[in-house]
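**Student:** missing the sequence, but the structure's below:
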Ligand SMILES: [Fe+2]
Ligand SMILES: [Fe+2]
C-alpha cells in the first residue's frame with residue numbers, strides 16, 4: 001500500500017476521533033451541568049480520543065501528508081445521559097470496526113502497531129460505556 005493511501009485511511013480514522021472528541025465533550029458538559037456522573041467518564045475518555053487524534057496526526061505528517069481535521073455532521077444522541085451513552089457506544093463500535101479494517105489493510109508495521117494500541121483503548125472504552133449504561137439503567 002502506498003503512503004498516500006495510508007494517509008487517506010489515517011485521515012478517515014482521524015475524522016472519527018475528531019467527531020468523538022466533539023460529541024463526548026459536548027455531552028460531558030451537559031451531563032455535568034445536570035450533576036450526572038456520566039459526565040466525568042465522558043470527559044475522561046474525550047482526553048483519550050484527543051491523544052489518539054494527536055498520534056494519528058503525527059503519523060500522517062511523518063508519512064508526508066496533512067491532517068484534514070474534518071468530521072461528519074455531529075449527532076449527539078438524544079437528550080438524556082442515557083441517550084448520550086447510547087450514542088457514544090455506537091461511535092466506539094464504529095471506531096473499533098474501522099480500526100480493525102485498517103489494521104488488516106495497512107502493511108506498514110509502525111502504523112499497524114499504533115492502530116492496534118488505539119484499538120485496544122477503544123475496546124476498553126466500549127466496555128466502560130456499556131457498564132455505565134447498565135448503571136444508568138437501560
Ligand atoms: Fe479514539
Ligand atoms: Fe474511544
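**Tutor:** Structure's in. What do you need? Worth saying up front: this structure is predicted, and the values here are computed from it rather than measured. Ligands and ions are numbered 1, 2, ... in the order given.
**Student:** And the helices in this protein?
**Tutor:** Listed in chain order, the helices of the chain (DSSP state H) span 3-33, 38-62, 81-105, 109-136.
**Student:** Which residues are in contact with residue 85?
**Tutor:** Shown in contact with residue 85 (CB atoms under 8 Å, 6 or more residues apart in numbering): 38, 129, 132, 133, 136. All C-beta spots, glycine's among them, are computed from the backbone N, C-alpha and C.
**Student:** Pull up the per-residue confidence for the last one.
**Tutor:** When you say that, I think you mean residue 136. Among the per-residue scores, residue 136 holds a pLDDT of 90.
**Student:** That one and residue 47, how far apart?
**Tutor:** Residue 136 sits 21 Å away from residue 47, going by CB to CB, to the nearest Å.
**Student:** and this protein, which residues reach ligand 2?
**Tutor:** 92, 122, 125 (CB under 5 Å from the ion).
**Student:** And for the first one, the neighbour number?
**Tutor:** Around residue 92 sit 24 other residues, with neighbours defined as other CB atoms under 10 Å.
**Student:** again, but for residue 119
**Tutor:** Residues lying near residue 119 (other CB under 10 Å) number 17.
**Student:** Please look at it and residue 103 and confirm they touch.
**Tutor:** Yes: between residue 119 and residue 103 there is a contact at 6.7 Å, judged by CB atoms under 8 Å.
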